[in-house]
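Engineer: Below is the sequence, then the predicted model.
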Amino acid sequence: PLWGCPPAPGPLLPPLCAPSCGVPPAWAARLGATGFLISKCCFPLFKAKPGKAKRVRTIFSSEQLARLEQEFSRQQYLVGQERCLLASSLHLTEEQVKVWFQNRRIKWRKQSLEQQQAKLAKMGLATPQR
């Protein structure tokens, strides 16, 4: 039952993922009266949404970052063939370049706002932050 006394303890069986995990860890939890143990390494199987895998974070090389920053200082928006050529020359996808530029614009706006607020604070005209 979902309430009342817990089921009588039975013999503990190895975790469902025993072949890949080995010995069940101390933090493994017993699920209901099934007698099966499940460890943390099995949780991704239950959390995974069908159809769309989590995107892996892109790690840019220092050369790629330098070139992306150079292009950003030249122009803050890259579209169409410019983005395609830059992505190709850096061995990145267009999506990676697009997202990098989006994130860099956000960072630039934040830095600009902080600089403006610092100037206003120097002149004694500071406004509360949003």
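Structural biologist: It's in.
Engineer: C-alpha from now on. contacts and neighbour counts both.
Structural biologist: Will do.
Engineer: which intervals of the chain have sub-threshold pLDDT?
Structural biologist: Applying pLDDT under 70 to the chain flags residues 1-49, 125-130.
Engineer: Break down it into its helices, ranges please.
Structural biologist: Using DSSP state H, the helices of the chain run over residues 18-21, 43-47, 62-74, 80-90, 94-122.
Engineer: Indicate which one of those is closest to Arg55.
Structural biologist: helix 94-122 (11.2 Å; Cα to Cα).
Engineer: Can you lay out the helices of the chain as a markdown table showing distance to Ala53 and mean neighbour count?
Structural biologist: A markdown table is the format used below for these (distance: least, Cα to Cα, whole Å; neighbours: other Cα atoms under 10 Å):
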| stretch | distance to Ala53 | mean neighbour count |
| --- | --- | --- |
| helix 18-21 | 21 | 12 |
| helix 43-47 | 11 | 9 |
| helix 62-74 | 26 | 13 |
| helix 80-90 | 23 | 14 |
| helix 94-122 | 16 | 14 |
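Engineer: Which one, of the ones you listed, ends up nearest to Lys54?
Structural biologist: helix 43-47 (11.0 Å).
Engineer: export the helices of the chain to CSV and tack on distance to Val56?
Structural biologist: Converted to CSV, the helices of the chain look like this (distance: least, Cα to Cα, whole Å):
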stretch, distance to Val56
helix 18-21, 23
helix 43-47, 15
helix 62-74, 18
helix 80-90, 18
helix 94-122, 11
